[in-house]
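J.: Sequence and predicted model, in that order:
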Amino acid sequence: MAKMRTVDAAVAILEKEGATEAFGLPGAAINPFYSAMRAHGGIRHTLARHVEGASHMADGYSRAADGNIGICIGTSGPAGTDMITGLYAAWADSIPMLCITGQAPVAKLHKEDFQAVDIESIAKPLTKFAMTILEPGQVPGAFQKAFQLMRSGRPGPVLLDLPIDVQMAEIEFDIDAYEPLPVEKPKASRKQLEKALDLLTAAQHPLIVAGGGIINAGASAQLVELAEILNVPVIPTLMGWGAIPDDHQLMAGMVGLQTSHRYGNETFLQSDFVIGIGNRWANRHTGGLDTYTAGRKFVHIDIEPTQIGRVFSPDLGITSDAGAALDGLLELARERQAAKTLPDYSDWVAECQERKGSLHRKTNFDNVPIKPQRVYQEMNKAFGRDTTYVSTIGLSQIAGAQMLHVFGARKWINAGQAGPLGWTGPAALGVVRGTPDATVVALSGDYDFQFMIEELAVGAQFNLPYIHVVVNNSYLGLIRQSQRGFNMEQNVSLAFENINSPETNGYGVDHIKVAEGLGVKAIRVEDPNDLPAAFDKAKALMGEFKVPVVVEVILEKITNISMGVEISGVNEFEELAETAADAPTAILTKA
């Protein structure tokens with residue numbers, strides 16, 4: 001057995017567990033761990049400008065590809081509390097992420113030492129496991145348990161807190177004798193899945209709701225194959241978007257109060273049976289439960305047993321990993337296909353296609369200032385099928401989800417449940433780290449962009465190129481729209497006369513100057529007809545300089561984006577598409 005510092009053992013464990021991408025900020029209380037990473041050489045570290053930014057980078061990296069686990073590292077107290085928003089975003093969306101914090105010496109933890117904080121207690125509600133490791137000999141086991149928990153059941157983040165004296169202590173450790181613990185994932189039985197399939201095939205208008213659990217399980221191909229064998233339309237949730245390509249004939253649209261398609265909501269309302277796989281029945285998807293559940297039966301399959309029945313009681317609940325459930329359903333569906341006992345849903349699919357080809361929102365506006373709908377239309381033209389979009393919250397994200405197109409799993413990266421402002425930029429950097437050959441396009445409103453804007457310098461320093469589309473209406477647009485019901489627009493305008501940048505024409509912060517000052521390239525667009533050239537130029541600049549490129553689009557200040565409180569009553573504030581020319585980049589249109 002070799003004698004080594006606990007931090008040297010921990011870094012060796014990271015490599016053996018396959019977690020070799022770290023984002024963080026060094027400091028006194030975590031310097032021993034940094035010295036171990038430097039000595040080892042196998043962990044790549046990206047220096048963030050803010051620890052919250054580092055946590056979002058690690059989150060984005062974890063979301064970028066199957067099996068990824070990003071690491072966020074910071075010094076004591078404030079770094080740990082800075083990570084909390086990142087832990088919340090990962091926890092809410094079932095994302096594995098490892099946070100490591102430095103801590104005051106064990107003997108000082110009760111003495112209100114400088115920057116010492118009980119981060120274990122603070123982090124516990126937002127993690128699968130949080131532990132301040134007080135004994136050096138516990139370090140290998142704590143890391144071993146952390147990786148098992150991140151990967152088992154419903155994935156999620158963990159936090160390990162390392163007092164500096166524990167980091168410096170020496171233990172006997174042999175990495176060759178270390179083995180990852182087995183990952184535990186429940187699997188549906190054949191009998192359970194037979195009952196689920198019996199309920200589906202007894203229906204006239206069935207739907208599959210595909211949740212983020214399918215993407216977490218790497219099971220998108222199985223979902224598509226199952227849908228094709230059964231010939232049953234699929235409704236992806238926001239977190240499941242991309243599990244079936246948007247242009248697949250069985251992709252029936254998204255459902256919800258905000259990030260939804262008109263045809264998706266209408267198709268759902270015509271259904272009589274829904275099987276949800278790896279989804280949570282989130283409130284922005286369901287709206288009022290009486291409307292959502294009326295006249296239809298439900299099967300719910302989820303990896304977390306306490307998730308079943310949390311929002312409403314299904315007719316059948318099954319605890320299972322989404323991938324295992326889809327494998328089992330596929331086996332049964334193939335058997336019934338061979339026996340010619342599957343119903344023919346061709347008429348139902350044709351109805352769904354009819355809606356998909358006709359129920360569109362208008363995007364083809366020529367207004368100046370620019371209407372946001374036109375931005376997404378031009379993005380659809382400019383960026384291809386392999387584009388990975390990253391977005392977080394606000395009217396930009398809502399409208400983007402209504403109008404952009406996604407053609408594969410993990411090509412829509414979204415902090416769906418937490419929606420923290422500022423997540424988009426650093427998460428996009430993490431996605432670039434995780435998929436360096438992908439075309440990554442981030443989408444933000446001006447306020448989301450200004451949160452964590454300093455992380456653009458990380459992209460410049462480490463050559464992490466992506467395009468960041470900033471739709472700037474100089475407003476907290478979603479807040480302004482939600483305040484309409486209160487007859488107020490209180491303190492939500494971000495506009496001001498910038499004495500240093502009169503060229504912004506009262507739109508306040510000069511994002512071009514700020515971005516360029518942080519080392520990236522930036523373009524401003526004020527005429528919708530200039531958007532194609534701007535996106536082409538952005539792609540060229542990104543390729544030439546290998547840095548982020550900001551494309552700021554100056555929008556009209558007030559646009560109300562489609563949303564409502566019931567899926568049967570979404571308010572359409574703008575003109576609807578009447579002809580194919582009104583929505584020229586829609587997936588399916590009728591003349």
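T.: Noted; the coordinates are in hand.
J.: hey, where'd the helices end up in the stretch 351-500 of the chain?
T.: Taking DSSP state H, counting those that start in this stretch, the helices of the stretch 351-500 of the chain run over residues 372-382, 395-403, 424-434, 446-450, 456-461, 477-482.
J.: Which positions in the helix or strand of the chain with the lowest mean pLDDT come out as buried?
T.: Among the helices and strands of the chain, helix 477-482 carries the lowest confidence by mean pLDDT, DSSP states H and E, at a mean of 82. Residues 477-478, 480-481 are the ones in helix 477-482 that count as buried (16 or more other Cβ atoms under 10 Å). Where you see a C-beta, it was placed from the backbone N, CA and C, and this is true even at glycine.
J.: remind me, longest helix of the protein?
T.: In the chain, taking DSSP state H as the definition, the longest helix is helix 322-338.
J.: Which parts of the stretch 251-400 of the chain are strands?
T.: With strands called from DSSP state E, counting those that start in this stretch, the stretch 251-400 of the chain shows them at 273-277, 297-302, 316-319, 387-391.
J.: can you redo the ones you listed as CSV with distance to Thr127, mean pLDDT and mean neighbour count?
T.: Formatted as CSV, these follow (distance: least, Cβ to Cβ, whole Å; pLDDT from 0 to 100; neighbours: other Cβ atoms under 10 Å):
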stretch, distance to Thr127, mean pLDDT, mean neighbour count
strand 273-277, 26, 98, 26
strand 297-302, 20, 98, 24
strand 316-319, 22, 98, 19
strand 387-391, 23, 98, 26
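J.: In TSV, list these along with distance to Ile587.
T.: Shown next, in TSV, are those (distance: least, Cβ to Cβ, whole Å):
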stretch	distance to Ile587
strand 273-277	22
strand 297-302	27
strand 316-319	32
strand 387-391	15
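J.: Out of the ones you listed, which gets nearest to Thr75?
T.: strand 387-391 (27.5 Å; Cβ to Cβ).
J.: hmm, back to that, go through the buried residues of helix 477-482 and name the one nearest Thr81.
T.: Thr81 has its nearest neighbour among the buried residues of helix 477-482 in Leu478, at 26.4 Å by Cβ to Cβ.
J.: if I pick the closest one, what's in contact with it?
T.: Residues near Leu478 by Cβ atoms under 8 Å, 6 or more residues apart in numbering: 393-395, 398, 445.
J.: Name the member of these with the most neighbours.
T.: Among these, Gly445 has the most neighbours (other Cβ atoms under 10 Å), with 29 neighbours.
J.: rewinding a little: next, give me the two most distant ones among the buried residues of helix 477-482.
T.: For those, the maximum inter-member distance is 7.3 Å, found between Leu478 and Arg480 (Cβ to Cβ).
J.: returning to that earlier point: quick one: which of the strands of the stretch 251-400 of the chain is nearest Glu225?
T.: Ranking the strands of the stretch 251-400 of the chain by proximity to Glu225 (Cβ to Cβ) places strand 273-277 first, at 13.3 Å.
J.: Note down every partner strand of that closest one and its orientation.
T.: strand 206-210 (parallel), strand 297-302 (parallel) (DSSP bridges).
J.: of all these, which lies closest to Leu359?
T.: With Cβ to Cβ as the measure, strand 206-210 is the member of these nearest Leu359 (16.2 Å).
J.: Cool, thanks, signing off.
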